[in-house]
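Chemist: based on what follows, work out the 3D shape:
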Amino acid sequence: MAKVQTLRKVPWTCRWGQFGGPVNPADMAIPGFVFWMCAYPAEASPRPLARGSCEVCPNWEPDDRRDS
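Modeler: Here you go, the predicted structure:
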C-alpha cells in the first residue's frame with residue numbers, strides 16, 4: 001500500500017508563504033500574528049498572516065521547493 005501524505009495548509013507549505021517581512025508595530029496587534037507573510041502576486045505587497053488564514057485561502061498552493 002502506498003503511503004499518502006497530505007500537506008497542511010499553513011504558510012511554510014504554501015508557494016506564497018514567506019517568513020518575516022517588514023515589522024510594523026500595528027501588525028503585531030493582529031490577533032494570532034505569527035510573523036509569516038503572504039506574497040501572492042495579486043496583492044499589492046506581502047501582507048501579514050493571522051493564524052489559520054491559510055486553511056481557508058483559495059490561493060494556497062503546495063510549495064515545489066519542499067520536493068527538492
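Chemist: show me the beta-bridge partners of the residue lying closest to L49 once chain neighbours are set aside.
Modeler: Nearest non-adjacent residue to L49, counting by CB to CB, 6 or more residues apart in numbering: W36, 4.6 Å away. Every C-beta, even on glycine, is put in place using the N, C-alpha and C of the backbone. According to DSSP bridges, the residues that bridge with W36 are F19.
Chemist: pretty sure W36 sits against T13.
Modeler: No - at 11.1 Å, W36 and T13 do not qualify as touching, with contact defined as CB atoms under 8 Å.
Chemist: out of the two, which sits in the busier spot?
Modeler: W36 (21 against 16; other CB atoms under 10 Å).
Chemist: is E61 in contact with W16, as I believe?
Modeler: Yes - E61 sits in contact with W16 when judged by CB under 8 Å, with a separation of 6.9 Å.
Chemist: more neighbours: which of these two?
Modeler: W16 (20 against 13).
Chemist: leaving out sequence neighbours, find the closest residue to the more buried one.
Modeler: Y40 (4.5 Å).
Chemist: count of neighbours near Y40?
Modeler: If you count neighbours by other CB under 10 Å, Y40 ends up with 17.
Chemist: ok, it touching W60?
Modeler: No - in this structure Y40 lies outside contact range of W60 using CB under 8 Å: 9.2 Å.
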